[in-house]
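S.K.: sequence first, then the predicted structure:
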Amino acid sequence: MTDAIAATFQQVSTARSSKLLVLAMLTMLLSGCDWWAQRQCAWYLMPDTDKKREGTTEQGFIPVCARNLDVNKEYCQIQATLEFAEKSYGKKFRYIDMELDLNSSFPRKVSNIKFCSDH
């Protein structure tokens, strides 16, 4: 009888360990993924071609988008000066290296970008 109880306890213990292992692996997988590809050096600052955002920027700024053409993602609620946009055009950066002025209203102002060649 005690052997049967010990065998049952071992099965339950193994099942719990397996579930915990799967849960731990799933947590590591989900927390380590870059779903939005923000760490990829594949983002570009491009002019925003959507007509509905024209006129939403402040004086001296133009609407722009941060675009990742590899994974087809974009963030277009930003603005930059024409000079900064021209200087940035065609240069790759990581989305997480784009600094936005969080005190400004939407669209946010791009204050600086560390380009991949600057790292």
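M.R.: Cool, the structure landed.
S.K.: any idea how far residue 20 is from residue 33?
M.R.: With distances taken as CB to CB, to the nearest Å, residue 20 is found 21 Å from residue 33. C-beta coordinates here come from the backbone N, C-alpha and C atoms, glycine included.
S.K.: so where is the protein shaky, pLDDT-wise?
M.R.: Scanning the chain for pLDDT under 70 picks out 1, 4-15, 24-32, 118-119.
S.K.: got the domain boundaries for it?
M.R.: 1-33, 43-118 (automatic domain parsing).
S.K.: and those as TSV, adding mean neighbour count?
M.R.: Listed next are the domains of the chain as TSV, based on neighbours: other CB atoms under 10 Å:
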stretch	mean neighbour count
domain 1-33	9
domain 43-118	15
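S.K.: name the helix or strand for residue 67, please.
M.R.: strand 61-68 (DSSP states H and E).
S.K.: angle of the helix or strand just after that strand against strand 61-68?
M.R.: The C-terminal neighbour of strand 61-68 among helices and strands, as given by DSSP H and E, is strand 73-81. Strand 73-81 runs at 150 degrees relative to strand 61-68, counting by axes from the mean of the first three to the mean of the last three CA atoms, to 10 degrees.
S.K.: give me the contacts around strand 73-81.
M.R.: 36-37, 45, 48, 50, 53, 56-58, 60-68, 88, 95, 100, 106-110 (CB atoms under 8 Å, 6 or more residues apart in numbering).
S.K.: how are the helices of the protein distributed by residue range?
M.R.: With DSSP state H as the criterion, the chain has helices at 2-32, 82-88.
S.K.: so what does the strand holding residue 67 touch, helix or strand wise?
M.R.: Packing partners of strand 61-68 (3 or more CB pairs under 8 Å, 6 or more residues apart in numbering; DSSP states H and E): strand 43-47, strand 73-81, helix 82-88, strand 93-101.
S.K.: how about the most centrally placed residue in the chain, what does it touch?
M.R.: Taking CA atoms, centre = their mean, the centroid of the chain lies closest to residue 38, which sits 3.3 Å from it. Each residue near residue 38 by CB under 8 Å, 6+ apart is listed here: 94, 95, 96.
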